[in-house]
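Colleague: the sequence isn't on hand, but the structure is:
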């Protein structure tokens with residue numbers, strides 16, 4: 001042995017030498033008895049620790065972050081060392097980015113709703129606006145979810161125009177929405193109910209002066225008689241007719257039933273009979289200026305007596321009659337020609353006189369022609385039947401278009417009803433004695449009533465003698481029986497008549513004697 005040496009950690013080095021070599025022998029010490037010599041034990045006096053991987057002076061067994069030199073403890077167990085953890089006692093929070101004392105985890109304990117805004121951290125109603133009244137965009141209604149942003153933040157905004165609905169603490173004077181149900185309007189400077197936004201609904205045409213108008217007249221500069229109606233809300237309208245006073249004709253703003261006076265005569269178009277002519281304001285003015293209007297109403301206005309009558313009735317609060325009614329009563333004067341209406345003339349009287357004469361003459365001619373034709377038809381009946389009343393069998397044969405022995409004088413079934421009548425000689429005149437030569441006493445029987453040579457037509461005629469008619473050679477269409485018999489007289493079927501005869505000739509009896 002050459003010698004020995006004690007190391008810094010208590011180890012002993014023994015040096016021995018031989019002829020051919022030299023050896024160093026280490027004799028180490030384990031002071032804490034943990035099985036690791038003091039030379040290798042990072043904590044030779046601490047039997048629970050042997051290593052310190054991060055060299056932070058805390059053994060790996062006790063160090064919660066053995067590989068992080070500046071961390072050893074995690075008090076809240078959130079995995080972040082206490083040295084780095086800004087909330088070492090709050091397992092929900094570790095970082096506070098804006099340094100306001102609230103952790104960035106908004107959902108955790110003491111979480112920050114605005115982790116990057118140091119002035120806000122809580123949003124109770126979760127509308128995006130912080131509760132701190134002195135912070136950024138403070139919520140004016142922190143407990144009511146709202147999205148207003150123009151006049152105040154975070155309050156209800158019904159029409160979503162950015163302006164909050166007014167309430168008892170915040171009115172339109174402070175800036176709340178003056179028209180909370182209209183998203184295009186929010187300010188109403190004059191408080192008349194029409195918004196000031198010119199591009200919005202029903203914009204106020206007079207935003208600095210309250211008004212109730214809804215429309216206005218726009219005159220045509222090239223034609224003063226033409227006006228265009230325009231929407232015009234919120235302007236002065238003293239008479240409440242809806243028209244802006246400034247657009248109404250001069251003086252018409254005081255009358256709710258008037259707004260235009262095109263002829264500028266002081267009478268509005270609604271009352272003016274003709275608003276295009278300043279001379280005409282009433283119907284009377286019109287009638288007295290336009291004599292081409294001959295209506296009854298104008299005739300009345302041109303009759304001084306009727307005008308006075310209307311004035312008197314109006315003054316007495318009575319309803320006057322129309323001119324035609326007044327003109328047919330005793331109230332209208334007819335004593336002198338001066339008081340006769342202008343339209344009455346002698347020409348009208350002459351026309352009525354001559355018209356009546358002509359009408360009467362035509363009536364007489366028609367009666368005479370009818371009598372002549374009736375007499376000729378009577379002669380035909382007499383010739384065919386040989387008497388006024390043919391038998392039922394003869395009539396049946398006539399209807400069938402055959403001639404039998406029952407028809408006295410023979411039957412031509414079609415000749416009685418044809419329309420081929422001998423042309424009338426209008427230059428021959430026959431005297432008509434009327435009914436003066438005939439007795440109106442009702443006969444007691446058909447035989448007494450009719451002679452053998454007369455037919456019903458001859459008895460019912462005006463008394464003129466029939467002219468002989470040539471016998472028709474050509475057959476005529478068969479006569480059709482009447483659809484129904486005429487009504488019987490009040491006294492019943494005349495004596496001597498059959499119902500068959502009555503069906504055919506009863507109408508002639510009634511025509512002559514009536515319903516006797």
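Modeller: Received it, and whenever you're ready, just let me know what you need. It should be emphasised that the depicted structure is a prediction, and the values quoted were computed from it without experimental measurement. Numbers count the residues shown, from 1 in each chain.

Colleague: residue ranges of the helices in this protein, please?
Modeller: 283-289, 296-301, 304-315, 323-327, 346-385, 392-400, 446-449, 456-460, 499-513 (DSSP state H).

Colleague: for residue 167, give me its contacts.
Modeller: Residues near residue 167 by Cβ atoms under 8 Å, 6 or more residues apart in numbering: 155, 176. Every C-beta, even on glycine, is put in place using the N, C-alpha and C of the backbone.

Colleague: and it, what pLDDT?
Modeller: For residue 167, the model assigns a pLDDT of 95.

Colleague: okay, and the beta partners of it?
Modeller: Per DSSP bridges, the residues bridged to residue 167 are residue 170.

Colleague: quick one: it and residue 156, what's the gap?
Modeller: Note on residue 167: its distance to residue 156, by Cβ to Cβ, to the nearest Å, is 9 Å.

Colleague: show me which positions of stretch 63-75 end up buried.
Modeller: 63, 65-66, 71-72, 74 (16 or more other Cβ atoms under 10 Å).

Colleague: now swap in stretch 179-195 and tell me
Modeller: 179-180, 182-183, 185-189, 192-195.

Colleague: and which of the residues you listed is nearest to residue 226?
Modeller: Taking Cβ to Cβ as the measure, residue 226 lies nearest residue 194 of the buried residues of stretch 179-195, at 27.6 Å.

Colleague: just list the residues touching the closest one, thanks.
Modeller: So residue 194 contacts 185, 188, 202-204, 207, 233-234 (Cβ under 8 Å, 6+ apart).

Colleague: distance to residue 285 for those - can I get that in JSON lines?
Modeller: Formatted as JSON lines, the contacts of residue 194 follow (distance: Cβ to Cβ, whole Å):
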{"residue": "185", "distance to residue 285": "48"}
{"residue": "188", "distance to residue 285": "47"}
{"residue": "202", "distance to residue 285": "41"}
{"residue": "203", "distance to residue 285": "43"}
{"residue": "204", "distance to residue 285": "42"}
{"residue": "207", "distance to residue 285": "44"}
{"residue": "233", "distance to residue 285": "38"}
{"residue": "234", "distance to residue 285": "39"}
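
Colleague: from those residues, which two are the most distant?
Modeller: Taking Cβ to Cβ, the two most distant members of the contacts of residue 194 are 202 and 207; they sit 12.0 Å apart.

Colleague: who has more neighbours out of those two?
Modeller: residue 207 (20 against 17; other Cβ atoms under 10 Å).

Colleague: count the neighbours of residue 86 for me.
Modeller: Considering only other Cβ under 10 Å, residue 86 is surrounded by 15 other residues.

Colleague: so what's it up against?
Modeller: 93-96, 103.

Colleague: next: residue 260.
Modeller: 217, 227, 248-249, 252, 268-269, 275.

Colleague: longest strand in the protein, please.
Modeller: Ranked by number of residues, the top strand in the chain under DSSP state E is strand 223-231.

Colleague: what residues of it count as buried?
Modeller: Buried-residue list, strand 223-231, by 16+ other Cβ under 10 Å: residue 227.

Colleague: can you list the domains in this structure?
Modeller: The chain resolves into domains spanning 127-187, 284-344, 350-513 when parsed by automatic domain parsing.

Colleague: mean pLDDT for those domains: which is lowest?
Modeller: Minimum mean pLDDT among those: domain 350-513, a mean of 58.

Colleague: quick check: the residue nearest to residue 111 when sequence neighbours are not counted vs residue 71, distance?
Modeller: Excluding the flanking residues, the one nearest residue 111 by Cβ to Cβ, 6 or more residues apart in numbering is residue 105, at 5.0 Å. Applying Cβ to Cβ, the value for residue 105 to residue 71 is 20 Å.

Colleague: pull the contacting residues for residue 138.
Modeller: Contacts of residue 138 by Cβ under 8 Å, 6+ apart are 120, 129-132, 153-154.

Colleague: touching, residue 329 and residue 321? I think so.
Modeller: Yes. Applying Cβ atoms under 8 Å, one finds residue 329 in contact with residue 321, separated by 7.3 Å.

Colleague: what about these two, which has more around it?
Modeller: Taking other Cβ under 10 Å, residue 329 and residue 321 do not tie; residue 321 has more neighbours (18 against 8).

Colleague: ok, and the most crowded of the contacts of residue 138?
Modeller: Most surrounded of the contacts of residue 138: other Cβ under 10 Å gives residue 129, at 29 neighbours.

Colleague: now it: how far from residue 326?
Modeller: As judged by Cβ to Cβ, residue 129 and residue 326 stand 84 Å apart.

Colleague: ok so, going back, need the contacts of residue 138 in a markdown table (columns: distance to residue 307).
Modeller: Shown next, in a markdown table, are the contacts of residue 138 (distance: Cβ to Cβ, whole Å):
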| residue | distance to residue 307 |
| --- | --- |
| 120 | 89 |
| 129 | 81 |
| 130 | 86 |
| 131 | 86 |
| 132 | 88 |
| 153 | 77 |
| 154 | 78 |
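
Colleague: stretch 259-275: how far from the chain's middle?
Modeller: For stretch 259-275, the separation from the chain centroid amounts to 30 Å (computed by Cα atoms, centre = their mean, to the nearest Å).

Colleague: now do the same end-to-end measure for it.
Modeller: End-to-end distance of stretch 259-275: 12 Å, with Cα to Cα, to the nearest Å as the criterion.

Colleague: just stretch 109-119 next, same as before
Modeller: So stretch 109-119: terminal residues 18 Å apart, Cα to Cα.

Colleague: which residues are in contact with that stretch?
Modeller: Here stretch 109-119 has contacts from 87, 90-93, 96-106, 120-123, 130, 132, 134-136, using Cβ under 8 Å, 6+ apart.

Colleague: the same query, at a cut-off of 7 Å, please.
Modeller: Stretch 109-119 has contacts (Cβ atoms under 7 Å, 6 or more residues apart in numbering) with 90, 92-93, 97-100, 102-106, 120-123, 130, 132, 135-136.

Colleague: try stretch 122-133
Modeller: Taking Cβ under 7 Å, 6+ apart as the rule, stretch 122-133 contacts 113-114, 119-120, 136-139, 142-147, 153-154.

Colleague: buried ones among those?
Modeller: Buried among the contacts of stretch 122-133 (16+ other Cβ under 10 Å): 113-114, 120, 137-139, 142, 145-146, 153-154.

Colleague: quick one: which of the residues you listed is nearest residue 510?
Modeller: Of the buried ones among the contacts of stretch 122-133, the one sitting nearest to residue 510 (Cβ to Cβ) turns out to be residue 146, at 100.0 Å.

Colleague: any idea how far residue 255 is from the closest one?
Modeller: 49 Å.

Colleague: for residue 81, the count of nearby residues, please.
Modeller: 19.

Colleague: might you report the residue contacts of the residue lying closest to it once chain neighbours are set aside?
Modeller: Nearest residue to residue 81, sequence neighbours excluded (Cβ to Cβ, 6+ apart): residue 71, at 3.0 Å. By Cβ under 7 Å, 6+ apart, residue 71 lies in contact with 65, 81, 83-84.

Colleague: now with 6 Å?
Modeller: Going by Cβ atoms under 6 Å, 6 or more residues apart in numbering, residue 71 touches 65, 81, 83.

Colleague: measure the first one to residue 166 for me?
Modeller: Meaning residue 65. From residue 65 to residue 166 the distance is 59 Å (Cβ to Cβ).

Colleague: and if you look at residue 145?
Modeller: Relative to residue 166, and taking Cβ to Cβ, residue 145 is found at 18 Å.

Colleague: neighbouring contacts of stretch 199-209?
Modeller: With Cβ under 6 Å, 6+ apart, stretch 199-209 has contacts from 182, 184-185, 189-190, 194, 196, 232-235.
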